[in-house]
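Novice: sequence plus the predicted model coming up.
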Amino acid sequence: MQQGGSNPLISRRDGLMEAEVDGEMVGLHVESGTCYGFNGTAYRIWQLVEQPLHLSELCAALSQEYDVDPATCETDVRALLDDLGRDGLVTVSQP
């Protein structure tokens with residue numbers, strides 16, 4: 001995902017069966033058979049994008065919940081979204 005400037009819309013895709021285990025998430029991608037483990041922060045991001053959100057909205061929500069500066073938040077969220085997008089778990093639509 002391109003850094004800076006853009007404010008893409010992030011949407012979850014169907015196909016991930018998930019369960020919460022001790023505040024973290026374990027997921028199974030039905031089509032690929034791949035298992036995922038999301039730490040608490042990644043799980044919170046996954047929860048927030050249950051309904052489509054723009055990156056700015058996602059980072060604003062995370063900055064309120066966690067002690068993180070906006071630039072670090074955006075960099076870290078973009079890295080996670082890149083991984084999730086490559087695995088077909090989210091779509092990232094550029095404005």
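Specialist: Looks like it arrived, so ask away.
Novice: residue boundaries of the helices in the protein?
Specialist: Taking DSSP state H, the helices of the chain run over residues 40-48, 55-65, 70-86.
Novice: low-confidence ranges in this protein?
Specialist: 1-5, 95 (pLDDT under 70).
Novice: and for E20, the neighbour number?
Specialist: Using other Cβ atoms under 10 Å, E20 has 11 other residues around it. For every residue, glycine as well, the C-beta is placed using N, CA and C.
Novice: what sits against the closest residue in space to it that isn't next to it in sequence?
Specialist: Distance criterion Cβ to Cβ, 6 or more residues apart in numbering; nearest residue to E20, sequence neighbours excluded, is Y43 at 7.4 Å. Contact analysis of Y43 by Cβ atoms under 8 Å, 6 or more residues apart in numbering lists E20, G23, E24, M25.
Novice: tell me which two in those residues are the farthest apart.
Specialist: Longest distance between any two of the contacts of Y43 is 8.8 Å, between G23 and M25; criterion Cβ to Cβ.
Novice: the two: who's more crowded?
Specialist: Between G23 and M25, counted using other Cβ under 10 Å, M25 has the larger neighbour count: 19 against 9.
Novice: against D69, how distant is the more buried one?
Specialist: 25 Å (Cβ to Cβ, to the nearest Å).
Novice: how about L53?
Specialist: 20 Å.
Novice: Y43 now?
Specialist: Applying Cβ to Cβ to Y43 and D69 gives a distance of 21 Å.
Novice: does G40 touch V21 like I think?
Specialist: No. With contact defined as Cβ atoms under 8 Å, G40 does not count as touching V21 (11.1 Å).
Novice: if I look at these two, which residues touch both of them?
Specialist: Common neighbours of G40 and V21 (criterion: Cβ under 8 Å, 6+ apart): none identified.
Novice: which one is H54 nearest to, not counting chain neighbours?
Specialist: Nearest non-adjacent residue to H54, counting by Cβ to Cβ, 6+ apart: N7, 5.0 Å away.
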